[in-house]
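Novice: curious how this folds, go ahead:
(one chain, ligands or ions: 1)
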Amino acid sequence: MKYSRIIGTGSYLPPRVWTNDDLRAIMDTSDEWIQQRTGIKERRWVDQDSTTSTSDLALQAARAALTSASLSRDDLDMIIVATLSPDHEFPGAACFLQAKLDVPGIAALDVRQQCTGFIYSLSIADQFIKTGMYKNILVVGAEVHSKGLDKTTAGRDVAVLFGDGAGAVVMTGSDDASKKAPRIISTHLHADGRFAKELWIKAPGSGDAAAWLTHEKLDAGEQFPKMNGKAVFVNAVKRMPEVISEALAANGLTVADVDLFVFHQANLRINEMVAKQLGAPDDKVFSTIERFGNTTAATIPIGLDEAVKAGKLKPGMLVASAAFGSGFTWGSALIRW
Ligand code: UT7
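Specialist: You can find the predicted model right below:
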């Protein structure tokens with residue numbers, strides 16, 4: 001097997017819609033502020049009183065992806081779950097998903113690379129398949145952010161941005177060496193840990209002299225994500241076009257060769273600036289941010305699945321995907337669909 005390819009996609013969004021006006025009822029914000037700054041109109045959040053977890057959303061997306069791939073769960077050799085909101089601190093969400101899918105024994109791996117988690121996971125799966133170690137790998141991005149956000153006015157700069165959801169792809173090995181055969185053409189991965197604290201959750205963790213988690217840390221709100229929004233914004237609009245250009249140059253391709261851009265969705269303004277820098281026409285840029293907000297690692301696989309369902313992503317197309325987020329991490333994938 002020289003190549004890996006995506007043979008199925010699936011996604012799952014919790015049914016409960018939270019509009020910007022719904023958020024206005026619980027914090028000091030407005031539909032106008034959120035739409036102007038981010039483009040977000042609504043997002044999905046799981047029922048806050050339910051036990052619904054990240055692996056529950058992942059399970060729905062995984063089942064849909066397996067159906068679309070016409071593959072049985074017993075065909076899988078490995079599960080990779082990208083998430084920053086696992087069911088529990090450990091073990092990883094991939095283990096909980098594996099148990100719910102009822103495929104004991106196969107490899108299960110969590111990837112903690114935040115918004116770039118799906119691109120990292122795609123790359124990992126690609127390497128395992130290309131070496132011939134595994135044939136079929138389920139790659140899922142899933143998040144339940146809503147239970148971990150500060151949903152008061154103090155946390156509004158972050159809380160309004162994030163939504164819950166899951167997306168999945170099934171990847172398999174291929175020997176088809178023809179130039180236009182469906183495959184992962186390349187992935188490019190980057191990180192710069194000097195910016196780790198620009199977007200992070202401080203506690204629980206081993207980085208303090210105090211215990212893993214204390215009442216004092218909780219009282220200080222250290223369990224909630226904190227973000228330097230401007231620093232993230234500035235770096236995202238620089239790194240995303242850069243890593244797409246890196247991928248195109250590595251393969252002797254140009255922006256004009258790309259049929260569809262499926263970017264990470266953190267902010268409509270970021271993606272408009274990225275598209276402008278690349279010279280990518282609007283009708284080639286797929287967007288989900290208006291409906292789902294930022295679903296972090298789930299965003300790109302949800303985007304791929306939504307694009308397939310909308311008839312915008314068809315066999316033979318060249319897809320360029322890129323993400324930027326906490327870490328900082330960023331990366332791109334070029335895919336012949
Ligand atoms: O997935 C990767 C991670 N995330 C990102 O890529 C996000 C990157 N950053 C951004 O998208 C933007 O920086 C934000 C959308 C987060 C913020 O936009 P901004 O234009 O940078 O706004 P700001 O942080 O400068 O805030 C402006 C004002 C502040 O008030 P004052 O100090 O000017 O009086 C904030 O307190 O807006 C206020 N504000 C809000 N007002 C209403 C912050 N959040 C809200 C809110 N509703 N939800």
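Novice: I figured residue 39 hits residue 273, correct?
Specialist: No. Using CB atoms under 8 Å, residue 39 is not in contact with residue 273; the gap is 12.0 Å. C-beta here means a position set from N, CA and C on the backbone, and glycine is covered the same way.
Novice: which residues of this structure lie near the ligand?
Specialist: 29, 33-34, 37-38, 115, 156-157, 160, 199, 229-230, 232-233, 236, 266-267, 270, 294, 325 (CB under 6 Å from any ligand atom).
Novice: out of those, list just those in helices.
Specialist: 33-34, 37-38, 156-157, 229-230, 232-233, 236, 270 (DSSP state H).
Novice: show me which of the residues you listed are buried.
Specialist: 34, 37-38, 156-157, 229, 232-233, 236, 270 (16 or more other CB atoms under 10 Å).
Novice: and those as CSV, adding distance to residue 100?
Specialist: Formatted as CSV, these follow (distance: CB to CB, whole Å):
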residue, distance to residue 100
34, 34
37, 37
38, 33
156, 34
157, 34
229, 35
232, 33
233, 37
236, 34
270, 34
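Novice: quick one: which two of the residues you listed are the most distant?
Specialist: 156 and 236 (20.3 Å; CB to CB).
Novice: nearest residue to the closest residue to the ligand within the stretch 151-300 of the chain in space, please, no chain neighbours.
Specialist: Going by CB to the nearest ligand atom, the ligand is nearest to residue 229 of the stretch 151-300 of the chain, at 2.7 Å. Nearest non-adjacent residue to residue 229, counting by CB to CB, 6 or more residues apart in numbering: residue 157, 6.2 Å away.
Novice: so that neighbour is in contact with residue 225, correct?
Specialist: No. Assessed by CB under 8 Å, residue 157 is found out of contact with residue 225, at 10.0 Å.
Novice: can you give me the neighbour number for the closest residue to residue 115 other than its chain neighbours?
Specialist: In space, and not counting its chain neighbours, residue 115 is closest to residue 325: 2.5 Å by CB to CB, 6+ apart. As a burial measure, residue 325 scores 26 neighbours (other CB atoms under 10 Å).
Novice: ditto for residue 5
Specialist: Residue 5 has 20 neighbouring residues, counting by other CB under 10 Å.
Novice: just residue 93 next, same as before
Specialist: Residues within reach of residue 93, counting by other CB under 10 Å, total 29.
Novice: how close does it get to residue 45?
Specialist: Going from residue 93 to residue 45 by CB to CB, to the nearest Å gives 18 Å.
Novice: again, but for residue 282
Specialist: According to CB to CB, residue 282 stands 29 Å off from residue 45.
Novice: between these two, which one's more packed in?
Specialist: Neighbour totals were compared for residue 282 and residue 45, and residue 45 leads with 23 against 9 (other CB under 10 Å).
Novice: so what's the closest residue to residue 89 other than its chain neighbours up against?
Specialist: In space, and not counting its chain neighbours, residue 89 is closest to residue 204: 6.7 Å by CB to CB, 6+ apart. The contact partners of residue 204, taken as CB atoms under 8 Å, 6 or more residues apart in numbering, are 89, 212-213, 217, 223.
Novice: out of those, which is most surrounded?
Specialist: The member of those surrounded by the most neighbours (other CB under 10 Å) is residue 217, with 18 neighbours in all.
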